[in-house]
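S.K.: when you get a sec, could you give me coordinates for this:
(one chain, ligands or ions: 1)
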Amino acid sequence: MTSYADFYRQSIDQPDAFWADQAGLIEWHKPFDRVCNYDNPPFVNWYEGGQTNLCHNAVDRHLLDRAGQPALIAVSSETGTEKIYTFADLHGEVQRMAASLKALGVEKGDRVLIYMPMIAEAAFAMLACARIGAVHCVVFGGFASGSLASRIEDAAPKVIVSSDGGSRGGKALPYKPLLDEAIRLSSHKPGAVLLADRGLTPMDLVAGRDHLWSELRTTHVDAQVPCEWLDSTAISYTIYTSGTTGKPKGVQRDTAGYAVALAASMKHIFDGRAGETFFSTSDIGWVVGHSYIVYGPLIAGMATIMYEGLPTQGMDKKPNGGIWWELVEKYKVTVMFSAPTAVRVLKKQDPALLTKYDLSSLRALFLAGEPLDEPTARWISEGLRVPIIDNYWQTESGWPILTIANGVEPKPSKFGSPGIPMYGYNVKLLHEATGEELTAPGEKGVVVIEGPTPPGFMQTIWQDDARFVNTYWKSIPGKLVYSTFDWGIRDADGYFFILGRTDDVINVAGHRLGTREIEESISGHGQVAEVAVVGVADGLKGQVAMAFVVLKDSSVMGDSAACGKLEAEIMKRVDGDLGAVARPARVRFVTALPKTRSGKLLRRVIQAVCEGRDAGDLTSMDDPGALQQIRDRMETV
Ligand code: AMP
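M.R.: The predicted structure follows:
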């Protein structure tokens, strides 16, 4: 067996040879003539001259050997339905969807926005876009009209694929009215909307614009739509993520680099093998869903479980904290991927549920998206008795940056550490102010990646190269390096520990949110003069958002009923603009916010006070009374 150290070294010292080897894991229509073009840093082109297709590699390629094997297992504990699509079935559905999109005018390079719950049609739509060379842009179904509108505006989709609604905890959640409102708010209007009607909530169709998938599917039931061979660097998709400004960033990814990166990670990191079942509990609205619900497992020839529902509700809609383990047993899942928050939810269930099912097929559970705390890791590790592997990455990277490459060398994990740098990632720790490299164990610095970034990493920000360079590559003085905006340290064995964000991004139950987006929504309330939103540590969700609001008329503060009403109104506003995921846990009213003398909001100081920590050096603070108010308000939380 190759040692991981050698494997990693080759990837950094001889990237061309390393990634040319990995390219053999996918099928090409035309071979590439250059592995890595890094002539114009920080932009990198992988596999120039080559042509391939993501959908071909995820679906068509497997028809020869495993047409009759399960590919997509769509399970919903919300509707109590379960359906298995073989690779042959999936091939048929994807072609029907591709033909429908084409009939609605979608051509190569056009954008298709997908706003859908976790249903099979969402995967069909993604794969259909990849098949015909359209750029898909999946927006998380939990986002509301405001967030959706800004994404429609930016992506300018020709067609939007959506559905009547989703469901959570047995309660139907209408999507269509939110979509209609978002289209109304956006200055860009899609030419057509394609809707999967699940019969969950009634919906009004806009004549001439809205079409039903059930009807188009019938029209195109026998459609044969060949894969469009795409240049390696052709854009496969964009996915929006939060940053420090209110405007979300469209993370843009290529075709061939992404396909190779996923194929390689399925082999070297997840050790998932063709014919087995992979189960990621994420959502297609997040990058994990793109990479490890849809493309990754399918490229590897694995069946993938797409699960709609809570981790605590059974197929009969009754409470069942063992539903995931039931699925592991039933489908003989070998590799599972989830998030620490989900495990913390399960931790509150009967521990006997972990021994009730036959979980002998499971080889490892990977967890990502937020810090994995030691008690949670120990609890699940003792319960499942398989390796629990933390992995650290970002929407931008598309696949893990730090973890354990289980398929190369199953090195031991260390509690509290997501692991060591993955092949292709030249990860360093730099001093935030001087840019000096920190090499001594235990030194805290900003986690950065030196270019060229590996295949699968973001190409740029959709239609904004300048923002890509300025945001990610220019934050460390004097160095052109990619900043993850996370603090980290490394121990003597090379294991990294992530200590939180350097910017104003917070992480609620694994969902990344920009505090600025939430502040912008709250500021829109007629009675709000000023607002500060910070992330505060929470035992279940990792972090929750707390909002501190200065009212235009501070006399209201004496009236607790009026304050309660305002708090509810503000929360409702955030729900409507951004979605319930972004709703602050509490809104507290103050007469002033802690700021520097130059007027900059001291979010980190507010956060420290909220968490009962030392607020550090306060010499630059303008008004100490403002901080005292935050302290007082927290005591009443
Ligand atoms: P997202 O782009 O939504 O995946 O969020 C990425 C951010 O989540 C990272 O920059 C980290 O702050 C955090 N994150 C993701 N995975 C981990 C992990 N395993 N440990 C600690 N933080 C993590």
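S.K.: near the ligand, which residues of this protein are found?
M.R.: Contact residues, the chain versus the ligand (CB under 6 Å from any ligand atom): 241, 287, 368-372, 390-395, 418, 484, 486, 498, 501, 507, 512. The way it works is simple: take the backbone N, C-alpha and C, and place the C-beta from them, glycine included.
S.K.: measure residue 263 to residue 308 for me?
M.R.: Separation of residue 263 from residue 308 (CB to CB, to the nearest Å) stands at 27 Å.
S.K.: more neighbours: these two, which one.
M.R.: More neighbours surround residue 263 than the other of residue 263 and residue 308, with 24 against 21 (other CB atoms under 10 Å).
S.K.: now residue 63: which helix or strand?
M.R.: helix 63-66 (DSSP states H and E).
S.K.: which residues sit against the helix or strand where residue 534 lies?
M.R.: Here residue 534 is covered by strand 528-538, with elements defined by DSSP H and E. Contacting residues not belonging to strand 528-538 are listed as 506-508, 515-516, 518-519, 522-523, 543-552, 570, 584-585, 593, 601, 603, 606-607, 610-611 [CB atoms under 8 Å, 6 or more residues apart in numbering].
S.K.: and it, which residues are buried?
M.R.: The neighbour-count check on strand 528-538 (16 or more other CB atoms under 10 Å) flags 528, 530-536, 538 as buried.
S.K.: strand partners of it, parallel vs antiparallel please.
M.R.: Strand pairing for strand 528-538, using DSSP bridges, gives strand 542-551 (antiparallel).
S.K.: and the next helix or strand after the partner strand, how far from the chain's centre?
M.R.: As assigned by DSSP H and E, the chain's next helix or strand after strand 542-551 is helix 560-577. Remark: helix 560-577 is offset 28 Å from the chain centroid, using CA atoms, centre = their mean, to the nearest Å.
S.K.: likewise stretch 224-243?
M.R.: That offset, for stretch 224-243, works out to 17 Å (CA atoms, centre = their mean).
S.K.: for it, measure first residue to last.
M.R.: End-to-end distance of stretch 224-243 (CA to CA, to the nearest Å): 41 Å.
S.K.: helices along the stretch 351-500 of the chain, start to end?
M.R.: 353-356, 374-384, 465-468 (DSSP state H, counting those that start in this stretch).
S.K.: could you do the stretch 151-300 of the chain as well?
M.R.: 176-185, 213-219, 256-268, 287-289, 296-299.
S.K.: so can I have JSON lines of these showing mean pLDDT?
M.R.: Shown next, in JSON lines, are the helices of the stretch 151-300 of the chain (pLDDT from 0 to 100):
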{"stretch": "helix 176-185", "mean pLDDT": "97"}
{"stretch": "helix 213-219", "mean pLDDT": "98"}
{"stretch": "helix 256-268", "mean pLDDT": "98"}
{"stretch": "helix 287-289", "mean pLDDT": "97"}
{"stretch": "helix 296-299", "mean pLDDT": "98"}
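S.K.: quick one: contacts for the residue of the stretch 1-150 of the chain found nearest the ligand?
M.R.: Going by CB to the nearest ligand atom, the ligand is nearest to residue 140 of the stretch 1-150 of the chain, at 10.4 Å. Residue 140 sits next to 283, 285-286, 579, 581 when contact means CB under 8 Å, 6+ apart.
S.K.: and if we set it to 6 Å?
M.R.: By CB atoms under 6 Å, 6 or more residues apart in numbering, the contact set of residue 140 is residue 285.
S.K.: please apply the same query to the one 4 residues further on.
M.R.: If you count contacts by CB under 6 Å, 6+ apart, residue 144 has them with 178, 576, 578-579.
S.K.: max pairwise distance over these: which two?
M.R.: 178 and 578 (11.3 Å; CB to CB).
S.K.: circling back: got the angle for the strand holding residue 534 vs helix 560-577?
M.R.: Counting by axes from the mean of the first three to the mean of the last three CA atoms, to 10 degrees, strand 528-538 lies at 80 degrees to helix 560-577.
S.K.: how far out from the middle of the chain is strand 528-538?
M.R.: Worked out by CA atoms, centre = their mean, strand 528-538 lies 23 Å from the chain centre.
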